[in-house]
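Peer 1: starting from these lines, generate the structure:
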Amino acid sequence: MHPFRAQLRVRAAANPRRIVLPEAGDPRVQDAALELHGDGLAAPVLVGSPGTRAAALARRPALELVAWVDPEDDLDLFAGALLERRSHRGMTLEQAREYVRDPVMRAALMVGMGMVDGSVAGAAHATGDVLRAAFWCVGTAPGISTVSSAFYMAFDDLLGEGPGVLSYADGAVVPEPDTRQLAEIAVAAARARRRIVGDEPRVAFLSYSTRGSAGGASVERVRGAVEMFREWLPDTPVDGEIQVDAALLPAVAARKAPGSPLDGRANVLVFPDLNAGNIGYKLTERLAGAAAVGPVLQGLSSPCNDLSRGCSATDVVEVACITALSSAG
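Peer 2: Got it, this is the predicted structure:
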C-alpha cells in the first residue's frame, strides 16, 4: 500500500470521527462500515430503513455493532432544519418532509446540524445528488463561495524521489472558473493539503505560459487569481502563471522561472479549467500509474464527500478517512 494511503488510516485512527454513510443497502458500504468500525478508523453511522437494516444484518451480522439511523425518524426535526435553510427559495414544510426522507439529504443535514463530523455518499447516487445535499444542508466555508474538488495523486516514485503525492484541483466540479473562483479553488486546495496529506502546500497556478512567455484571456485570469491568493494566504509559497514542467522540475524552474518561491517543487497544482484538470489527472493515472484518490470536495463548511459509483469498499474507507481528517481542521 502507498504510504499516503496507509497514513490516511493511521492519522484517522488517532482521532476517530463520526462519519455518516447514507447508502446502507450497498454491500460495499456495509463492508466499509465494518472496516471503519473494526479498525477504529471512524465511528460509522449507517442510514437505512428497518428493511434495509434487516437485510444488511442477514449478510453481515456484525453490523449490529454499528450505529443506524432510520430516515423516517424525527421527520419534523429534520424538516424544520431544512426549511430554515431553504424557505427563502420557496420550499414548503411538506416538501422539506419529503426531502429529508432521502438518505443522502438526511446525511448531509446531520452534518449541517453538527450531529456527525462528515458524510460520504455516491456509491449508488449521482454526483449531482451529493452536491445538492451538501449545498443545501452544509454550505460553503467562511470566505469561500466556490465548492470545488481535488484529486490526490499518489505516485510510487514521484520524479525519481520515491513515493509522493500531488494535489490536482479542480478536476471534477467547476467547468470554467473565473478569477475569484480559481483563487478560491487554490485556497481550499492549500488548506485541504495540510489536513489530508499533512505537509505544507506549495501552490502552482498552471498555464501554457510562464511569467509572461505568452498572453491571452486565460493567462490574465490566472495572473489575477494568483494575486488574490497572495492576498488571502500571504505565507503560502505560490507561483503563476507557470507551466507544469517549471512547477515540478527544479532544473526547468531555474531556466524558466528563476527565483521562483516553488523552486520546481510544487505539490498543489491548480489547473486553469475543468478540461485541463480532468484530462491532467486521467493522463497521470493512466500513463504514470499514479493512484487517484478522490475527487474530494473542498470549500464546504463541513465535509460531505462524493464517491464514484464504481468504487470499491476500500475506496469508501479511504474517502471516509479523508472526510474524518477534513473535519479536524
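Peer 1: pull out the buried residues from stretch 13-26.
Peer 2: P16, R17, R18, I19, V20, L21, P22, E23, A24, G25, D26 (16 or more other CB atoms under 10 Å). For the C-beta atoms, the positions are set from N, CA and C on the backbone; glycine is no exception.
Peer 1: how much space between the last one and E72?
Peer 2: The reference is to D26. Distance of D26 to E72, computed by CB to CB, to the nearest Å: 19 Å.
Peer 1: and the longest helix along the chain, how far out from the chain's middle?
Peer 2: When the chain is scanned for its longest helix (criterion: DSSP state H), the result is helix 179-196. Distance of helix 179-196 from its chain centroid, counting by CA atoms, centre = their mean, to the nearest Å, is 11 Å.
Peer 1: which parts of that helix are buried?
Peer 2: 179, 181-193, 195-196.
Peer 1: name the nearest residue to the residue lying farthest from the centre of the chain, sequence neighbours excluded.
Peer 2: In the chain, counting by CA atoms, centre = their mean, R255 sits farthest out from the average C-alpha position, at 34.5 Å. Spatially, and ignoring its direct neighbours in sequence, R255 is nearest to A246 (7.9 Å; CB to CB, 6 or more residues apart in numbering).
Peer 1: residues contacting the helix or strand encompassing that neighbour, please?
Peer 2: Assigned by DSSP states H and E, A246 belongs to helix 244-248. Helix 244-248 is contacted from outside by 159, 204, 206, 210, 239, 252-253, 255-257, 260, 262, 264-266, 269, using CB atoms under 8 Å, 6 or more residues apart in numbering.
Peer 1: about what we covered before: partners of the following helix or strand past the longest helix of the chain, with directions?
Peer 2: Using DSSP H and E, the helix or strand that follows helix 179-196 in sequence is strand 203-206. In the sheet, strand 203-206 lines up against strand 238-242 (parallel), strand 268-270 (parallel) (DSSP bridges).
Peer 1: could you tell me how many residues sit around the closest residue to P3 other than its chain neighbours?
Peer 2: Nearest-residue entry for P3: P163, 5.0 Å, with adjacent residues in sequence omitted and distances by CB to CB, 6+ apart. The tally of other residues near P163 (other CB atoms under 10 Å) stands at 13.
Peer 1: show the contacting residues for P163.
Peer 2: H2, P3, F4, A154, F155, D156, D157.
Peer 1: do you know how far the last one is from G289?
Peer 2: Right, D157. Taking CB to CB, one finds D157 at 9 Å from G289.
Peer 1: ok, now the first one?
Peer 2: Using CB to CB, H2 is found at 11 Å from G289.
Peer 1: can you tell me which of the buried residues of stretch 13-26 is nearest A121?
Peer 2: Nearest to A121 among the buried residues of stretch 13-26: P22, at 5.1 Å, using CB to CB.
Peer 1: the closest one against A121, yeah?
Peer 2: Yes. Contact status for P22 versus A121: in contact at 5.1 Å, counting by CB atoms under 8 Å.
Peer 1: anything in contact with each of those two?
Peer 2: P103, V104, A107.
Peer 1: helices of the chain, residue ranges please.
Peer 2: 3-13, 27-38, 50-59, 75-86, 93-99, 103-112, 127-137, 179-196, 217-232, 244-248, 250-256, 274-287, 313-326.
Peer 1: buried residues in the fourth one?
Peer 2: Buried residues in helix 75-86, defined by neighbour count with 16+ other CB under 10 Å: F78, A79, A81, L82, L83, R85, R86.
Peer 1: tell me the contacts of the fifth one?
Peer 2: Looking back up the chat, that one is L83. Counting by CB under 8 Å, 6+ apart, L83 has contacts M91, T92, L93, A96.
Peer 1: wait, isn't the last one in contact with D76?
Peer 2: It refers to A96. No. Applying CB under 8 Å, one finds A96 not in contact with D76, separated by 9.6 Å.
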